[in-house]
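**Student:** this one's sequence-less:
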């Protein structure tokens, strides 16, 4: 049986006419004496005949002609300048390297490795960025990406421009006609500047106003406007969007004043796992002693099984003496409560 | 490589659109035929065709005449095919689509009887179904070998892998297809 094994691969190479002359002679001699290989070869030849007998589907010249015209039109549309051609090439190359290149047989293991390393890296970034605590923002981002095609985006842009044109608030900043050809005039780029400010009016119960406030709280460059937005939002009821905004401000904003305000707002909210997780992160890493102390207090008041290790970590390692003392106080109380519960269970 | 083809490629590198049209006319039918073998779907084959030639045009500067030009085109086509397989893991058997009239079905043997033609047509469906049961790599290798008659070393060049890898995929594909078709 073992002696026959090499002939099995030779059989397929013989069938595909890929054997060198020496191996072909060896296999031909083997074939004369081996009925098993003869039967297998007959089966393979039957398959080859079946393939030959099937009708062939071929494109008509009209189809090739139409496709070639479409290809030329796309090339002319996208590759007008050397710069844009280069950028497109880079994007394509990266895309192909990531998607296609790594799918090639040789690179499959490499692809798995890279995917794993990237996964760990992105995962670390994800956890440390606090985005984990802001799932709505991510969901919005993903759904935005998934829901609008390039054509739709272009449509939205054009509709908005038409609306602004009617309100007389648009200035043409630049007008570029891309290289015209004999048959076409070339695409025209119109760069516009929106010269007039838009204003929105509405009460705190208006969802658009609330959206703008959340946006301002997170992204406005002016600190006082961010603070004002947080204060206004504090007057609206607790909901998942407000929670996510406050958490994001608390985790990301560089101004202590704003983080304190966001913390105050969060403390008025009904506690949940997302808020508790934020307190844990803040208790360990915020730069402000005040905020960390409030976070410790909140953790103590809403303690779950993960709070004790966090308190212990601060007691053991933190540089700040006041924080260590406070954590020690809460830790003692939590341990006491825990031992009382255990005693009750024993009784 | 023919001198004439080298000159055409040089012209494309210098931005000559007419020269590129000549290349598309020369290789269009073969690229389309192969794209259809990969996808078994007219619309997807058209997309694959366009993506391949657009990529050929955009990357023509990177073609250094180190291989046959068509081997290079095949490489681009198979890379796009792998992307296609990755995107559409569930593929349907021949979907004629709106442009069915732009495709021709040639009988295997022009003298064959009507009954035989019907039988052959159903045999093709069986083969198409069997091909879709192969892994993307096995399918690509098998198609390049069976329909294009490429040598194993050329397939290795196209797929940028070793001859041993090509043999492994080809042998597995052949054995698997044989089993499937015998059952059918």
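**Tutor:** Yep, that arrived. The model shown is predicted, which means the values in this text are computed figures rather than measured ones. Numbering: from 1, shown residues only, chains lettered A, B, ... in the order given.
**Student:** got the domain boundaries for the chain?
**Tutor:** You didn't pick a chain, so chain A it is. Listed by automatic domain parsing, the domain ranges of chain A are A:2-53, A:77-129, A:149-194, A:207-346.
**Student:** look at chain B instead
**Tutor:** Segmentation of chain B into domains, based on automatic domain parsing, reads B:1-89, B:113-184.
**Student:** quick check: residue B:66 vs residue B:162, distance?
**Tutor:** Applying C-beta to C-beta, to the nearest Å, the value for residue B:66 to residue B:162 is 18 Å. In this view, the C-beta of every residue, glycine as well, is placed from N, C-alpha and C.
**Student:** where among the domains of chain B is average confidence lowest?
**Tutor:** Among the domains of chain B, domain B:113-184 has the lowest mean pLDDT, at a mean of 82.
**Student:** how far off centre is it?
**Tutor:** The chain centre lies 12 Å from the centre of domain B:113-184; the measure is C-alpha atoms, centre = their mean, to the nearest Å.
**Student:** check stretch B:76-88 too.
**Tutor:** With C-alpha atoms, centre = their mean, you get 11 Å for stretch B:76-88.
**Student:** neighbours of residue B:80, how many?
**Tutor:** Residues lying near residue B:80 (other C-beta atoms under 10 Å in any protein chain shown) number 23.
**Student:** the one 5 residues further on too?
**Tutor:** Neighbour count for residue B:85, taken as other C-beta under 10 Å: 18.
**Student:** that one contacts residue B:136, doesn't it?
**Tutor:** Yes - contact criterion C-beta atoms under 8 Å: residue B:85 and residue B:136 qualify, at 3.9 Å.
**Student:** circling back to that earlier point, between residue B:66 and residue B:162, which has more neighbouring residues?
**Tutor:** Neighbour totals were compared for residue B:66 and residue B:162, and residue B:162 leads with 13 against 7 (other C-beta under 10 Å).
**Student:** the more buried one contacts residue B:156, correct?
**Tutor:** Yes - Residue B:162 is in contact with residue B:156 according to C-beta under 8 Å; the separation is 6.0 Å.
**Student:** and the domains of chain A, which one is worst for confidence?
**Tutor:** Mean pLDDT per stretch puts domain A:77-129 lowest among the domains of chain A, at a mean of 60.
**Student:** show me which residues of stretch A:210-230 are buried.
**Tutor:** Using 16 or more other C-beta atoms under 10 Å in any protein chain shown as the test for burial, stretch A:210-230 gives A:210, A:213, A:214, A:216, A:217, A:218, A:226, A:227, A:229, A:230.
**Student:** longest helix of the chain?
**Tutor:** With no chain named, the answer covers chain A. Criterion DSSP state H: the longest helix present in chain A is helix A:321-346.
**Student:** hmm, I had chain B in mind actually
**Tutor:** In chain B, taking DSSP H as the definition, the longest helix is helix B:17-39.
**Student:** now the terminal residues of stretch A:57-65, how far apart.
**Tutor:** End-to-end span of stretch A:57-65 (C-alpha to C-alpha, to the nearest Å): 17 Å.
**Student:** buried residues in it, which are they?
**Tutor:** Buried residues in stretch A:57-65, defined by neighbour count with 16+ other C-beta under 10 Å: A:57, A:58, A:59, A:63, A:64, A:65.
**Student:** with stretch A:250-262 instead?
**Tutor:** Those would be A:250, A:251, A:252, A:253, A:258, A:259, A:260, A:261, A:262, for stretch A:250-262 by 16+ other C-beta under 10 Å.
**Student:** give me the contacts around it.
**Tutor:** Here stretch A:250-262 makes contact (C-beta atoms under 8 Å, 6 or more residues apart in numbering or on different chains) with A:130, A:133, A:218, A:223, A:226-227, A:230-231, A:234, A:246-247, A:249, A:263, A:266, A:278, A:281-282, A:286-288, A:290-291.
**Student:** ok, back up a step: take the buried residues of stretch A:57-65 and keep only those in helices.
**Tutor:** Reading helices off those with DSSP H, I get A:63, A:64, A:65.
**Student:** want to throw the residues you listed into a markdown table with pLDDT and distance to chain B?
**Tutor:** Below are those laid out as a markdown table (pLDDT from 0 to 100; distance: C-beta to the nearest C-beta, whole Å):
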| residue | pLDDT | distance to chain B |
| --- | --- | --- |
| A:63 | 86 | 4 |
| A:64 | 89 | 4 |
| A:65 | 88 | 8 |
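**Student:** closest to residue A:29 out of those residues?
**Tutor:** Top of the list for closeness to residue A:29, among these and by C-beta to C-beta, is residue A:64 at 48.3 Å.
**Student:** the closest one contacts residue B:25, doesn't it?
**Tutor:** Yes - with contact defined as C-beta under 8 Å, residue A:64 and residue B:25 form a contacting pair (7.4 Å).
**Student:** just to check, residue B:165 is in contact with residue B:155?
**Tutor:** No - with contact defined as C-beta under 8 Å, residue B:165 does not count as touching residue B:155 (9.5 Å).
**Student:** which one's more surrounded, those two?
**Tutor:** A count of neighbours by other C-beta under 10 Å puts residue B:155 above the other of residue B:165 and residue B:155, at 26 against 19.
**Student:** is it true that the more buried one touches residue B:143?
**Tutor:** No - using C-beta under 8 Å, residue B:155 makes no contact with residue B:143, being 9.9 Å away.
**Student:** what about the strands in the chain?
**Tutor:** Looking at chain A here, since you left the chain open. Under the criterion DSSP state E, chain A contains strands at A:56-59, A:170-177, A:188-194.
**Student:** actually it's chain B I care about, not the one you picked
**Tutor:** Taking DSSP E, the strands of chain B run over residues B:103-106.
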